[in-house]
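Student: Everything below, folded, please.
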Amino acid sequence: MPRLVMKFGGTSVATVDRIRNVARHVAREVRAGYEVAVVVSAMSGKTNELVAWCKDASPLYAQSEYDAVVASGEQVTSGLLAIVLAEMGIKARSWQGWQIPIETSDQHGSARIQHIDGARLDAGFTRGEVAVIAGFQGIHAETGRLTTLGRGGSDTSAVAVAAAIGAERCDIYTDVDGVYTTDPRVVPKARRLDRVAFEEMLEMASLGAKVLQVRSVELAMVHRVPTTVRSSFDDPDDARPGTLICDEDDIVEQQIITGIAFSKDEAQITLRRVKDKPGIAAAIFGPLADANINVDMIIQVVSGDGAATDMTFTVPAADYERARSILEAQRGAVDCERIEGATDVVKVSAIGIGMRSHAGVAAKAFRALAEKGINIRAITTSEIKFSVLIDAAYTELAVRTLHSLYGLDKA
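Tutor: Numbers count the residues shown, from 1 in each chain. This is a model prediction of the structure:
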């Protein structure tokens, strides 16, 4: 029998009534002849509550005990869904990550999946059971300690389980009915996409689209797991197909630009008149890397006399103050005139595999933004995307301008 993994996020399982609705989605796929594994998140808001309890207990809590606490949310949901399925006459059992086991690294709070042994799940399928798996969690084999995968980790759990059991596909159910050309709250004419290439979805997820966690898309691409984004709030008996994330070769008609993403979680740092000498970039970015601060959009402008340079780059807004303090501590090694910064900035990106075979795509955008009076602070490009850093006040105007420019408004 073909196998299917279904993943349901926190809003989909927020109450027992919503869990009953989830069970109806699962029942539909069981009736269709699938062996089903379901991966669930904690009920909406529960993880935040558990995190708050940890902080209230002690501001210097051990990360391993933090994992033991916050992983309990998914355990509750998996048990409740198994109970509801049994009430409906569908054989089911709940699984915690360590019971399968899902083996991970020992980085508590942000562990990475290293191996999944699907033998116990296989045995459950043989018994006719639906496997209801607590997402977001695993176990470090050497220490035997519970681990968690970081925010959005249930998406990663689902794709990894799909790869481990050879599932036909992985369906990610959320509160939206697919992947859109941009955020419909910003552009009402945004359209749901029928198909998106793995590479495009990876760029979208990393550049601000909140539909899927980045690591889950990476796993899907590496293991070639077709992944569908669907809405759990559709009628289970008349559910829409959602958006399929698949290989580029499976997309017949390819747009030049597939979608426009934006991220408000950006901050800009500029080092003025840094002495231009070997090793200066290492002195700036080495300590930031050691502090696990991700740096993006690096721009270096050398002065006319070649003696000094201005260095501009972006960091996540949450890391802005920490990054500035690290750079201030490095003033002796960096030897710059001053450090400037801004947090009222936004990164707007255009993504599309069609950019590979079309010239002048980015230049067209720069011209359109200039005509709207939008100043570009920084630019980065890759084979299938370009990003611009602009003032936050122009976010909606920029997104709408680019969405129309590349014909994404048209059905």
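Student: Could you use CA atoms for every contact and neighbour count after this?
Tutor: Will do.
Student: So the closest residue to residue 302 other than its chain neighbours, which state does it fall into?
Tutor: In space, and not counting its chain neighbours, residue 302 is closest to residue 309: 4.2 Å by C-alpha to C-alpha, 6 or more residues apart in numbering. Applying DSSP: H, G, I helix; E, B strand; the rest coil to residue 309 yields a three-state assignment of strand.
Student: show me the contacts for residue 309.
Tutor: Contacts for residue 309 were tallied using C-alpha atoms under 8 Å, 6 or more residues apart in numbering; they are 272-276, 300-303.
Student: one more time with 10 Å, if that's ok
Tutor: Residue 309 makes contacts with 271-277, 300-303, 336, as judged by C-alpha atoms under 10 Å, 6 or more residues apart in numbering.
Student: And the helix or strand containing residue 229, what does it pack against?
Tutor: Using DSSP states H and E, residue 229 maps to strand 227-231. For strand 227-231, the elements it packs on are strand 3-8, helix 153-165, strand 169-174, strand 195-197, helix 214-223, strand 243-246, judged by 3 or more C-alpha pairs under 10 Å, 6 or more residues apart in numbering; DSSP states H and E.
Student: Partner strands of that strand, with direction?
Tutor: strand 169-174 (parallel), strand 243-246 (antiparallel) (DSSP bridges).
Student: and these as CSV, adding mean neighbour count?
Tutor: Formatted as CSV, these follow (neighbours: other C-alpha atoms under 10 Å):
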stretch, mean neighbour count
strand 169-174, 26
strand 243-246, 25
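Student: nearest to residue 319, of those?
Tutor: Residue 319 lies closest to strand 169-174 among the strands paired with strand 227-231, at 28.5 Å (C-alpha to C-alpha).
Student: what is the mean pLDDT for the closest one?
Tutor: For strand 169-174, mean pLDDT is 96.
Student: Might you report the residue contacts of residue 83?
Tutor: Neighbour list for residue 83: 20, 23, 77, 90-94 [criterion: C-alpha under 10 Å, 6+ apart].
Student: can you check residue 119 too?
Tutor: Counted by C-alpha under 10 Å, 6+ apart, residue 119 has contacts 100-101, 125, 164-165.
Student: Which pLDDT value belongs to it?
Tutor: We have a pLDDT of 95 for residue 119.
Student: Which residue ranges of the stretch 1-150 of the chain form strands?
Tutor: According to DSSP state E, counting those that start in this stretch, the stretch 1-150 of the chain carries its strands in the segments 3-8, 35-40, 92-95, 102-104, 113-116, 130-134, 137-140, 145-148.
Student: the longest strand in the chain is where?
Tutor: Ranked by residue count and defined by DSSP state E, the top strand of the chain is strand 259-275.
Student: which helices and strands sit right next to the next helix or strand after it?
Tutor: Going down the chain from strand 259-275, the next helix or strand is helix 280-290, by DSSP H and E. Secondary-structure packing of helix 280-290 (3+ C-alpha pairs under 10 Å, 6+ apart): strand 259-275, strand 308-315, helix 320-329, helix 331-334.
Student: Out of the ones you listed, the one nearest residue 409 is which?
Tutor: strand 259-275 (10.7 Å).
Student: pull the CA atoms of the closest one into CSV?
Tutor: This file holds the C-alpha atoms of strand 259-275, laid out as CSV (Å, rounded to 0.1, in the frame of the first residue of the first chain):
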residue,chain,number,x,y,z
GLY,A,259,7.0,34.9,-6.1
ILE,A,260,7.8,38.0,-4.1
ALA,A,261,8.9,37.5,-0.5
PHE,A,262,9.8,40.1,2.2
SER,A,263,11.4,40.0,5.6
LYS,A,264,11.0,42.6,8.3
ASP,A,265,13.4,40.8,10.5
GLU,A,266,16.4,42.7,9.2
ALA,A,267,18.9,45.3,10.6
GLN,A,268,21.7,47.1,8.8
ILE,A,269,25.1,47.8,10.2
THR,A,270,27.7,50.0,8.5
LEU,A,271,31.4,50.4,9.5
ARG,A,272,32.7,53.8,8.2
ARG,A,273,36.2,54.3,7.0
VAL,A,274,37.6,50.9,8.0
LYS,A,275,41.4,50.6,7.2
